[in-house]
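Participant: Sequence first, predicted coordinates after that:
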Amino acid sequence: MTEFFSVVTDARRVSPARTPEDALKAIDDLLALPGLSLIPVPVDVISRIADLVRAHPVTDGAIFDLQIAATMLGNGVRRVYTFNRSDFEKVQGLDVLTP
């Protein structure tokens, strides 16, 4: 949710940027999709995020990519489809593909 919200409300990344209310409505719509499964963020994922930041120091919004990677790895998800390959290729254990 945080990554999606960050991107769609940032006028530097999308045009036109969504208002916070519109972004939350879009998130609600996504959450209502049939068959959607959300990956939980267990406590150990926080430690995994910290380990990834130590290995690959980031600032600002780049932390979201490491949060996604840590959550994936913590839940056994190894493949990510993204147009931002460089954000994930540095993380060992992920198969990074462009859609």
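Facilitator: Thanks, I have the structure now. Being a predicted model, the structure only gives us computed values, none of them experimental.
Participant: tell me, what residue is most central in the chain?
Facilitator: Centroid-nearest residue in the chain: I68, 4.0 Å away (criterion: CA atoms, centre = their mean).
Participant: so what's it closest to, chain neighbours aside?
Facilitator: E3 (6.4 Å; CB to CB, 6 or more residues apart in numbering). Where C-beta positions appear, they are placed from N, C-alpha and C, glycine not excepted.
Participant: Now do the helices in the chain.
Facilitator: With helices called from DSSP state H, the chain shows them at 2-8, 20-31, 43-55, 63-74, 85-88.
Participant: among those helices, which is the most enclosed?
Facilitator: helix 63-74 (a mean of 20; mean count of other CB atoms under 10 Å).
Participant: how about D28, what does it touch?
Facilitator: Under the criterion of CB atoms under 8 Å, 6 or more residues apart in numbering, D28 has no contact partners.
Participant: ditto for the one 4 residues further on
Facilitator: When the contact criterion is CB under 8 Å, 6+ apart, A32 has no partners at all.
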